[in-house]
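Chemist: sharing a model that was predicted from the sequence below.
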Amino acid sequence: MEEIYKRLSAKLGYPDSEYLPKIFEYAVTLRQAKILEALNQAPGPALTAEQLAEKLGLDAEVIRQDLDDLFHKGLAFPRNFEDRREWRYGKSPMQLHDAMISGWRRFREPEKLFQLWHQYDESEGYQKYGKEFAAVSTPVTRIIPAVDAVANDPNLQPWEDWREILKTKRLISVVDCPCRLEVRACDRPVEVCLDFDRTAEYDIASGHGRKLTREEALEILGKASRAGLVHTGVNDISVNIMCNCCNDCCVEFQSLKKGNVPLSQHYAKSRYEANIDQNLCTGCQDCVDNCNFDAITMAKLPGSKKLKAQVDTEACYGCGCCFMACEQKAVSMKCVRPVSHVPGVQA
């Protein structure tokens, strides 16, 4: 292996990685590797093709062509997605993971790309991310309930109501879930990760995603929650990006599990909690299958011949996926936390 691929890994802060250099070796040519090595990371200055040509002794037009390829592959990032004059290198392995896998259509052998990233995550990534998650003082991600599960609740706030959240976004895009493409541990929907505004601009310009109307976005969210995917966003009121996660594929779930880090260290619960009406519950267990937090079990209650669903309120994160799975409407979502539970909200 050429040393330059190892240096690209070191530039991300992982000089001892075994698998990141292999990912670079697969993804880029030696000339493209030299271009990436010459680029700065944010907040360092972005460089033009002309500046890179002078720095590397290469033709500027050739560099422009390589930068365009690297952009679509998720390895180089322009300051402006329209003119694409000034460029930077990636900030972290997780950024490259998401961008490269989202750009899978640009690779000749996408299955090999998925396999290499999975080898990295299983051997190195999950452990590293788990340690990073364990070190934070406040959860960085919050659970946002499925809109249908809480739509009629008078306590519902605009920053937890997807109908209102989407109204604040000038641009919405959807991309394939990188985690689900990589891991393939379930058959849940793949095209479910929503991005907004500037990130959506990147998705559309790079060809990684497609533009959505608000109605299309709501439809995707409903499909995701019915399939047992948990809506997550940054733990404040901004909701600048969101994911639809499952505990068997998601890099965050897997990192917490394999790093033996409590879910509560990384995920903040929504303000809601699931409740079961025992008179309506038929014991079908669909809610159990749709819960990513192992918060629902089946138990036989006094006077009942059937097993009925029971919610462990301590384990419930208020995602509403159980509500979405229950055809009998035995599940309801109750608001149990104040608005101040979400950072940035005044009580």
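Modeler: Ah, there it is.

Chemist: which residues touch Cys193?
Modeler: Under the criterion of Cβ atoms under 8 Å, 6 or more residues apart in numbering, the contact partners of Cys193 comprise Val174, Val175, Asp176, Cys177, Pro178, Met242, Cys243, Asn244. C-beta: built from backbone N, CA, C; applies to glycine.

Chemist: mind checking which helix or strand it is in?
Modeler: Cys193 is located in strand 191-196, with elements delineated by DSSP states H and E.

Chemist: what strands flank that strand, and is each parallel or antiparallel?
Modeler: Partner strands for strand 191-196, per DSSP bridges, with pairing direction: strand 172-176 (antiparallel), strand 241-245 (antiparallel).

Chemist: any idea how far the helix or strand that the last one is followed by is from the chain center?
Modeler: Later in the chain than strand 241-245, the nearest helix or strand by DSSP H and E is helix 251-258. In this view, helix 251-258 has its centroid 12 Å away from the chain centroid, taken as Cα atoms, centre = their mean, to the nearest Å.

Chemist: on that earlier part again, heading C-terminal from the strand holding Cys193, find the next helix or strand.
Modeler: Using DSSP H and E, the next helix or strand after strand 191-196 towards the C-terminus is helix 197-206.

Chemist: now the following helix or strand past that next one, how far from the chain's geometric center?
Modeler: Where DSSP H and E defines the elements, the next helix or strand beyond helix 197-206 is strand 209-212. In terms of Cα atoms, centre = their mean, the centre of strand 209-212 is found 16 Å from the chain centre.

Chemist: from here on, call the first residue 719.
Modeler: In the new numbering, first residue 719, that becomes strand 927-930.

Chemist: buried set for strand 927-930?
Modeler: The neighbour-count criterion (16 or more other Cβ atoms under 10 Å) identifies Gly927, Leu930 as the buried residues of strand 927-930.

Chemist: cool, stretch 921-941 as well?
Modeler: Along stretch 921-941, these residues count as buried under the neighbour rule (16+ other Cβ under 10 Å): Asp921, Ile922, Ala923, Ser924, His926, Gly927, Leu930, Ala935, Leu936, Ile938, Leu939, Lys941.

Chemist: what's the answer for stretch 877-891, then?
Modeler: Trp877, Glu878, Asp879, Trp880, Ile883, Leu884, Lys887, Ile890, Ser891.

Chemist: for the closest residue to the second one other than its chain neighbours, what are phi and psi?
Modeler: Put plainly, it is Glu878. Sequence neighbours aside, Ile862 is the residue nearest to Glu878 in space, at 5.7 Å (criterion: Cβ to Cβ, 6 or more residues apart in numbering). Here is the backbone geometry of Ile862 (degrees, to the nearest 10): phi -120, psi 120.

Chemist: before we move on, what about Ile1014?
Modeler: Backbone geometry at Ile1014, expressed as degrees, to the nearest 10, gives phi -120, psi 130.

Chemist: can you list the contacts of Cys911 in TSV and add distance to Pro1056, pLDDT and neighbour count?
Modeler: Formatted as TSV, those follow (distance: Cβ to Cβ, whole Å; pLDDT from 0 to 100; neighbours: other Cβ atoms under 10 Å):
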residue	distance to Pro1056	pLDDT	neighbour count
Val892	33	97	21
Val893	34	97	26
Asp894	37	97	19
Cys895	32	97	26
Pro896	35	97	27
Met960	23	87	21
Cys961	25	92	22
Asn962	26	96	26
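
Chemist: what's the separation between the residue of the chain most remote from its centre and Gly951?
Modeler: Computed with Cα atoms, centre = their mean, the maximum C-alpha offset from the centroid of the chain is found at Gly1021, amounting to 44.4 Å. To Gly951, Gly1021 is 42 Å away according to Cβ to Cβ, to the nearest Å.

Chemist: same question, Ser973
Modeler: Distance, Ser973 to Gly951, by Cβ to Cβ: 18 Å.

Chemist: how about Asp871?
Modeler: Relative to Gly951, Asp871 is positioned 19 Å away (Cβ to Cβ).

Chemist: ok, the two, which is more surrounded?
Modeler: In this view Asp871 and Gly951 are compared by other Cβ atoms under 10 Å, and Gly951 has more residues nearby, 21 against 17.
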